[in-house]
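[1] no sequence for this one, just the structure:
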């Protein structure tokens, strides 16, 4: 028996109907706050100030993302790990820097140093008593404000240990692993794969930069919608029993198979 | 150390204010000094439910403007002197107060009161931000409907993002008979999505509407029969808030037998 046949097939569309049009990519590429381990310290990368209507990167939003990332990754750093803040082009005043420092303190992290290429931010940081390094962006190995459009390797996976609730959108230029549920109204947009060790009830998009080889997998796959590269699919009627499943692109559409059958049957 | 609890839901009309009024009253009945704060500026209701509307002289806005002292604005409940209400202004909007001002107000209340319950407005805008700013704990109220649960989910996320991780769930207005027929989301369905600890399940009860219209919180009723299961559930929530382990009410739909139904209603152990 073909492993696919026992599963309801998804309605797929390689050329979506007008009402199923992919949302405009504006804002999809707007980076979010990132925490990155490097040589025993944590780098905190702030997104640039890009105010698109679909993905506002306002200060409030940055704070929210920072809180969320700190909460979702607690296990991955020891208390009192030094944090280096990369503000890139973003302007921050003394109060905002202090808010970041306080938020980090709450998570038992210490803001050690501020890297910026804006003079005003550097001044504010100095006034607030942080050690500052001001340098042009090109010299910072970790800040890729203008990544080359082609031949780019994905960044390291983002690991989120929390429930992604309604109204939260996680965007990451790599693979996203969620240890928890993705609730309806929540969404994951990854340039790599999306792995949900829990129930995926919200929206997941894998290969958001166009990579059709990316996968979406979940212990319980009951999404509002899934997208891989340019393909969109709605979830089928709820099956009688849920099993871990994998969604992938094949023959111009998104297919779903049981995880147990996936590696065996998938034509590579 | 006083406890500052915000009662919030996201969606409107799920029973935030009713819960605030009843929980505040029940806590006061248990001998705590309680202040209930109406954070719904412009659409205040809490005074109505407590039957204190005609005794409001000053509101939180006047306190903040320095036109009166905080004590002058507090309305003491005559039936239950442990309970006071800090009313919201009706002729202003949510933007007339800032989160910092709310913090200041509530912090001043902590000097006298051991419980401060903040009744949050619906939505996630300024009014909500004001309501949660001073809070250390939250009670998230939802009804078993997908729209209410979706909004509650968003609220839990926002509470977490604002550093309030001590949040408990109240499922309001459940109809056991409908759940049994699979026509309504069950407690388990709701919990599966929201994944925060449950502190109470309140059955749908017409008595609540009557008590609301009269301005007499359900828990004030002298007779257990007048409080009904809903009143009982609210009192149980208060006991759980104080750390007691109270089993959840048996809300399985009553048998068709009228006598059995009566017996269930009056069972004292519930």
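    Perfect, I can see it now. It should be emphasised that the depicted structure is a prediction, and the values quoted were computed from it without experimental measurement.

[2] from here on, just use CA atoms for contacts and neighbour counts.
    Noted.

[3] now the stretch 151-270 of chain B against chain A: closest residue?
    residue B:154 (4.6 Å; CA to the nearest CA).

[4] what residues does chain A have near chain B?
    Contact residues, chain A versus chain B (CA under 8 Å from any CA of the partner chain): A:64, A:67, A:68, A:164, A:165, A:166, A:167, A:168, A:183, A:184, A:185.

[5] helix, strand, or coil at the residue of the stretch 151-270 of chain B closest to chain A?
    At residue B:154 the chain is in helix, as set by DSSP: H, G, I helix; E, B strand; the rest coil.

[6] and stretch A:112-122, how far from the chain's centre?
    Put simply, stretch A:112-122 sits 25 Å off its chain's centre (CA atoms, centre = their mean, to the nearest Å).

[7] list the contacts of it.
    A:82-94, A:125, A:130-137 (CA atoms under 8 Å, 6 or more residues apart in numbering or on different chains).

[8] start to end distance for that stretch?
    With CA to CA, to the nearest Å as the measure, stretch A:112-122 spans 14 Å from end to end.

[9] tally of neighbours for the residue nearest to the residue of the stretch 151-270 of chain B closest to chain A when sequence neighbours are not counted?
    Leaving out its chain neighbours, the residue that sits closest to residue B:154 by CA to CA, 6 or more residues apart in numbering or on different chains is residue A:166, at 4.6 Å. When neighbours are counted by other CA atoms under 10 Å in any protein chain shown, residue A:166 registers 24.

[10] so residue A:166 sits against residue A:183, correct?
    Yes - using CA atoms under 8 Å, residue A:166 is in contact with residue A:183, at 6.0 Å.

[11] intersection of neighbour lists for those two?
    residue B:153.

[12] how far away is the closest residue to chain B within chain A from residue B:144?
    In chain A, the residue found nearest to chain B is residue A:166; the distance is 4.6 Å by CA to the nearest CA. Here the criterion is CA to CA. By it, residue A:166 lies 16 Å from residue B:144.

[13] enumerate every residue touching residue 90.
    Chain wasn't specified; assuming chain A. A:46, A:47, A:48, A:49, A:116, A:118, A:121.

[14] um, chain B though
    So residue B:90 contacts B:41, B:42, B:43, B:44 (CA under 8 Å, 6+ apart).

[15] adding secondary structure, write those out as CSV.
    Below are the contacts of residue B:90 laid out as CSV (three-state DSSP):
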residue, secondary structure
B:41, coil
B:42, coil
B:43, coil
B:44, coil
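
[16] and chain B, which residues reach chain A?
    That would be B:150, B:151, B:153, B:154, B:156, B:157, B:160, B:161, B:162, B:193, which are the residues of chain B within reach of chain A (CA under 8 Å from any CA).

[17] mind checking how far the third one is from residue B:159?
    For residue B:153, the distance to residue B:159 under the criterion CA to CA works out to 10 Å.

[18] so the two - more neighbours on which side?
    residue B:153 (30 against 23).

[19] so what's the more buried one up against?
    Contacts of residue B:153 (CA under 8 Å, 6+ apart): A:165, A:166, A:183, B:193, B:194.

[20] with residue B:29 instead?
    For residue B:29, the contacting residues are B:80, B:82, by CA under 8 Å, 6+ apart.

[21] same check, this time on the one 10 residues further on
    Counting by CA under 8 Å, 6+ apart, residue B:39 makes contact with B:87, B:88, B:118, B:119, B:120, B:121, B:127, B:130, B:131.
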